[in-house]
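>>> Quick one: sequence plus predicted model below, questions after.
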Amino acid sequence: MFVFFLTRLLRAAVTILAVVTFAFVVLRMSGDPAQVLLGPDVPQEAVDAFRKRWGLDQPLWIQYFAYIQSMLSGDFGVSMRDRSPAIELVMQRVPATLQLTIPALILKLVIGIPAGVYAALHRHSFADRGVILLAILGFTIPSFVMGLLLVLIFSVTLGLLPSGGQDTWMHGILPTITMSIGGIGILARFSRSAMIEVLGQPYVRTASAKGVTWPDVVWRHALPNASVPIVTIVGFMVGSLIAGAVVVESIFSWPGIGRLLVVSVGNRDLAVVQCILLVIAVTMVVSNLIVDLLYGWLDPRLRAQTAH
Amino acid sequence: MSSTPSVSTLPPRRGYFAAIATLRRHVPLSVGLGLLWLLLMVLIAIFAPLIMPYNITAMDLSSRLAAPGHPSHWLGTDELGRDVLSRLLQSIRVSLVIAFGATIISAVFGTTLGFAAAKFRGAVEHLVLVLADFQAALPFLIMSLAVLAFFGSSMLLLVCLMGFYGWERYARIARGLAISASSQGYAAAVVQLGATPMRVYVRHILPNVASTLIVSMTLTFPEIILMESGLSFLGLGVQPPESSLGNMVGFGREYLTTAPWIMLAPAFVIMVTTLSISLAGDWLRDKLDPTVR
Amino acid sequence: MTAPILEATNLVRVYPGRRRLIGKAAPVRAVAGVTLRVMPGEVLGIVGESGSGKSTLGRMLLGIDPADGGEVRFDGNPMPRLGTSEWRALRARMQLVYQDPLAALDRRLTIARQIGEPLEIHNIVPREHQQARIDELMDAVGLRKDQGDRYPHELSGGQRQRVVIARALASRPKLLVCDEPVSALDVSIQAQVVNMLRDLQERNRIAMVFISHDLKVVRNIADRVAVMYLGRIVEEASSDVVFKAPQHPYTKALVSSVPVPGKTLEGRMILQGEPPNPANPPSGCVFHPRCPFAFDLCRTTVPTLRHTGPDRTAACHLVPGDAEPVAA
């Protein structure tokens, strides 16, 4: 188990390094930030001074190592726009994003999983078909279409809810719903198939054959085993709590990380973009790591394997 | 095998109607409708330039923001008086071409990496693993956003970028199947005949894993359509004056209150197309290859 | 005297054992020092229980499994390394017939294409004459010409094995290793396939290593027989001699397990117990725990393979023979 944990940790570290390198290479190779930020009419001296100021006159690999070094010491660079530390700018936006993504995650869990399990338990029924159809609809409709449709219905036509901004809790309703619908569909479909597979397993049939009551079969035998694959998907959803809001935040002008990313990308604010990529990658990697460890805890077979 | 629709087993005289009846028995209605819609989309993609009533940039300033049902503009016009139907047809073509090209790139790239990992193991396998980890750590939309914003958007870059979507799925499948094929069975037998690794992989293993790979393409294809339209919606995908389904929705959004049809028409096409592919793909998966999720 | 087509000296193959939680992995010596030679046109039978290492030995003779010790020489030259172009080129001259023909065939190609594959790979026959050669091969193994368009799953087990044999013979090899070629077939078909193999072998003067657990089958086809037990050859002699007058107790037990019509079952030697775990072989003679004649020496000292008569060898303390072991 210890070796297993260590390998996973190492892989996580390599992944984060790969993301940092990617961000660095793409962002630095793609163009001259000095030109973009200062505009075309600025005298050459000013451009040179700007480059010196930000270390852009150094060879690329020196910039790279300097960047890694400063990050290891907790310095994530300074926004070229408003001269404040990038990490602060990013962290300021995190709560706003979480205000949308956490309620959305809760909605996905409390609607998606029960719907999927219910459909699996009543297979081929009318409700089952309904769940499948809604689930497929849910994840095939892109969030920007869904968001705009909701705005069209609830804001434009009915005038019930605000279409953008972050002033009251009412403003959060449409973005949260928009964000959760796709995930509900995915979770419902996934839990349904996981549950159906488990229900067909010999140990479940044995349990019901030997007289265990049906609710007990479901709660004690089927659900714990079906939870293993479901955890993977949920882990992925937790991992994208920060990244999954780009489109929705743009639609509803919600001042979270996603909007900051789109804006910073437009401004070529290197430090901020790198910082966001890093924050997103770390969240993803950490939640993947937790899922891997949870796996071991949920599935004794894997626990035995990893012991070797 | 016997459950797949087979026209050849029909008595010749009843031909046409019987074929439809047989299809109805074997293909669920929803899947049938989905397939019909996809056929329509493919025909549109091929013949768009011939059937477009107007040029997509042709402005009709006398009838701007005309509502659908207008005698010369069936689906209405946009803020510049451009014909929504023509733009829609062209957008379908662009979006499908991008998604199709990207799906092929992704399949070729992923399969090659998967085979390489199976053939060379060791370091190559680790490299593929790191790449897959990387892809899992950085949501594709975020990565594309960064790349497109900084390199600027061009059609070629967009297709190539989208071509990196979903490669790890093919790589995983190709690697697993290649390893199991070459540790025993026909692939080992062909190696033993003296065949070069190239021949073993291209002539023998590839045809044997093709059906599984094609089935995974039906998973990737709609996802790429969604990804491209999402990027275009954010203004970073297909650039004007060219038009794609996503960027039509993006620009139509400005007129949500006054001319919702600009946005609704492409939104409807996106929805129905991805839905159709999902339904048809699910059905195909059950028929051909139950091992792929 | 002619030179042997195949010569193996002291072959050793060690598989790493399964790792345990505590302690080191115990390596398994699947082949533990095998020396043998095959003359051109000769059929050498290798018999042994499952797990005796006979299949591994067969793969080593073809250079598919690398040797951890010892060497294989084909036609006087050392075996090239697996996967090199020399190794690939050599495949035209030595071929393998598999136990499971369905697994050995590509289910997406017609059998004619598969039979012709060695011709394409080794560029032996010009493209325009390939079809003629394929027809000739199919005829030689008793397949009808019209069956060429079939796919493997459309054929019976015996027909599939004929396809595999035709494919193996396409490049006119000088050596054929048959690894349990008939054990997956119906008994009624076995004899047909064995007889056909024997015919083809004689007609084309192919040397053959015929691996089987089934003594009756080996007896029908082999000129000489080597008996394997736990990775070692315990007795080797011409086929008639081995079956008439086996020397090693293990061979005796094997031979007496084959029922002979008209003979009572009295005097049969029944083997006790299971073959030991190859990861943890017994001391001394590996056969001693199951041997009814074992005495003290057998528990401590490994018997070497010695000449025990003209053209025959055995590895047993009880069998009188040369003082000197067979050259290792």
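That came through fine. Numbering: from 1, shown residues only, chains lettered A, B, ... in the order given.
>>> Against which helices or strands is the helix or strand harbouring residue B:123 packed?
According to DSSP states H and E, residue B:123 maps onto helix B:122-137. The contact analysis (3 or more Cβ pairs under 8 Å, 6 or more residues apart in numbering or on different chains; DSSP states H and E) places helix B:122-137 against helix A:2-29, helix A:270-298, helix B:84-120, helix B:167-183. No exception for glycine: its C-beta is placed from N, CA and C like everyone else's.
>>> can you put the ones you listed in TSV and add mean neighbour count?
Listed next are the helices and strands packed on helix B:122-137 as TSV, based on neighbours: other Cβ atoms under 10 Å in any protein chain shown:
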stretch	mean neighbour count
helix A:2-29	16
helix A:270-298	21
helix B:84-120	22
helix B:167-183	20
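>>> So which of these is nearest chain C?
With Cβ to the nearest Cβ as the measure, helix B:167-183 is the member of those nearest chain C (9.5 Å).
>>> and the helix or strand following the closest one, what does it pack onto?
Per DSSP H and E, the first helix or strand lying C-terminal to helix B:167-183 is helix B:186-192. Secondary-structure packing of helix B:186-192 (3+ Cβ pairs under 8 Å, 6+ apart): helix B:167-183, strand C:94-97, helix C:101-104.
>>> so does the longest one get close to chain A?
Spelled out, it's helix B:167-183. No: judged by Cβ under 8 Å from any Cβ of the partner chain, helix B:167-183 stays clear of chain A, getting no closer than 13.1 Å.
>>> looking only at pLDDT, what's the mean for that helix?
Averaging pLDDT along helix B:167-183 yields 82.
>>> one step back: got the buried residues for the helix holding residue B:123?
B:125, B:128, B:129, B:131, B:132, B:133, B:134, B:135, B:136, B:137 (16 or more other Cβ atoms under 10 Å in any protein chain shown).
>>> pull the helix or strand with minimum mean pLDDT from chain A.
Ranking every helix and strand in chain A by mean pLDDT, DSSP states H and E puts helix A:300-306 at the bottom, with a mean of 51.
>>> I misspoke; the intended subject was chain B.
Min over SSEs of chain B, mean pLDDT, DSSP H and E: helix B:15-26 (a mean of 68).
>>> Tell me the helices and strands packed up against the helix or strand following it.
Next in sequence after helix B:15-26, counting helices and strands by DSSP H and E, comes helix B:29-51. Packed against helix B:29-51, as judged by 3+ Cβ pairs under 8 Å, 6+ apart, are the following elements: helix B:84-120, helix B:261-288.
>>> Could you tell me the least trusted of those helices?
helix B:261-288 (a mean of 82).
>>> So is that one next to chain C?
No: residues of helix B:261-288 contacting chain C under Cβ under 8 Å from any Cβ: none, with a closest distance of 14.1 Å.
>>> Point out the other helices and strands that that helix packs with.
Looks like helix B:261-288 contacts helix A:126-140, helix A:143-150, helix B:29-51, helix B:84-120, helix B:206-233, helix B:245-252 (3+ Cβ pairs under 8 Å, 6+ apart).
>>> Pull out the buried residues from it.
B:261-267, B:269-285.
>>> need the helices for the stretch 151-300 of chain C, in chain order.
Using DSSP state H, counting those that start in this stretch, the helices found in the stretch 151-300 of chain C span residues C:157-169, C:187-204, C:215-221, C:239-244, C:249-256, C:296-300.
>>> correction: the stretch 51-200 of chain A
For the stretch 51-200 of chain A, the helices defined by DSSP H, counting those that start in this stretch occupy A:60-72, A:86-107, A:113-121, A:126-140, A:143-150, A:170-199.
>>> re earlier: for the buried residues of helix B:122-137, which one is nearest chain C?
Once Cβ to the nearest Cβ is applied, the member of the buried residues of helix B:122-137 that ends up nearest chain C is residue B:125, at 17.6 Å.
>>> was I right about that closest one contacting residue B:119?
No: between residue B:125 and residue B:119 there is no contact under Cβ atoms under 8 Å: 9.8 Å.
>>> Dead centre of chain C: give me the residue that sits there.
Central residue of chain C (Cα atoms, centre = their mean): residue C:211, 2.8 Å from the mean position.
>>> For beta bridges, what are the partners of that residue?
On the basis of DSSP bridges, residue C:211 is bridged to residue C:46, residue C:179.
>>> surely it meets residue C:179?
Yes: with contacts counted by Cβ under 8 Å, residue C:211 reaches residue C:179, the gap being 4.9 Å.
>>> Next, show the common contact partners of the two.
Contact criterion Cβ atoms under 8 Å, 6 or more residues apart in numbering or on different chains; residues shared by residue C:211 and residue C:179: C:55, C:58.
>>> how about the strands in the stretch 201-328 of chain C?
For the stretch 201-328 of chain C, the strands defined by DSSP state E, counting those that start in this stretch occupy C:207-212, C:224-229, C:232-238, C:306-309, C:312-314.
>>> where does chain C come near chain B, residue by residue?
C:62, C:64, C:83, C:88-92, C:95-96, C:98, C:103-109, C:117-118, C:121-122, C:164, C:167, C:171.
>>> hang on, the earlier thing: any chance of the buried residues of helix B:122-137 in a markdown table, plus pLDDT and distance to residue C:185?
Listed next are the buried residues of helix B:122-137 as a markdown table, based on pLDDT from 0 to 100; distance: Cβ to Cβ, whole Å:
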| residue | pLDDT | distance to residue C:185 |
| --- | --- | --- |
| B:125 | 83 | 39 |
| B:128 | 84 | 41 |
| B:129 | 80 | 43 |
| B:131 | 84 | 47 |
| B:132 | 82 | 44 |
| B:133 | 80 | 48 |
| B:134 | 83 | 51 |
| B:135 | 81 | 49 |
| B:136 | 76 | 48 |
| B:137 | 78 | 53 |
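>>> May I ask which two of those are separated the most?
B:125 and B:137 (18.6 Å; Cβ to Cβ).
>>> so how far is residue B:236 from residue B:157?
11 Å (Cβ to Cβ, to the nearest Å).
>>> Who has more neighbours out of these two?
residue B:236 (25 against 14; other Cβ atoms under 10 Å in any protein chain shown).
>>> Is the residue lying closest to residue B:239 once chain neighbours are set aside in a helix, a strand, or coil?
Nearest residue to residue B:239, sequence neighbours excluded (Cβ to Cβ, 6 or more residues apart in numbering or on different chains): residue B:153, at 5.3 Å. Counting by DSSP: H, G, I helix; E, B strand; the rest coil, the backbone at residue B:153 sits in coil.
>>> Could I get the pLDDT score of residue B:153?
pLDDT, read off for residue B:153, is 73.
>>> Isn't it up against residue B:238?
Yes: with contact defined as Cβ under 8 Å, residue B:153 counts as touching residue B:238 (7.3 Å).
>>> Which one of these two is surrounded by more residues?
Legend: neighbour count by other Cβ under 10 Å for residue B:153 and residue B:238, higher for residue B:238 (25 against 20).
>>> The closest residue to the more buried one other than its chain neighbours - how many residues pack around it?
Excluding the flanking residues, the one nearest residue B:238 by Cβ to Cβ, 6+ apart is residue B:244, at 3.9 Å. Using other Cβ under 10 Å, residue B:244 has 32 other residues around it.
>>> The one 4 residues further on now?
Residues within reach of residue B:248, counting by other Cβ under 10 Å, total 28.
>>> In three-state terms, how would the residue in chain B that chain C sits nearest to be classified?
Residue nearest to chain C within chain B (Cβ to the nearest Cβ): residue B:194, separated by 3.0 Å. The local conformation at residue B:194, judged by three-state DSSP, is coil.
>>> How about the contacts made by it?
C:88, C:89, C:90, C:91, C:92, C:118, C:121, C:122, C:171.
>>> Counting neighbours, which of the residues you listed end up buried?
With neighbours counted by 16+ other Cβ under 10 Å, these contain buried members at C:88, C:90, C:91, C:92, C:118, C:121, C:122, C:171.
>>> ok, and which of the residues you listed reach chain A?
Of the buried ones among the contacts of residue B:194, not one also sits near chain A (Cβ under 8 Å from any Cβ).
>>> Pick the one among those residues closest to chain B.
The closest of the buried ones among the contacts of residue B:194 to chain B turns out to be residue C:91 (Cβ to the nearest Cβ; 3.0 Å).
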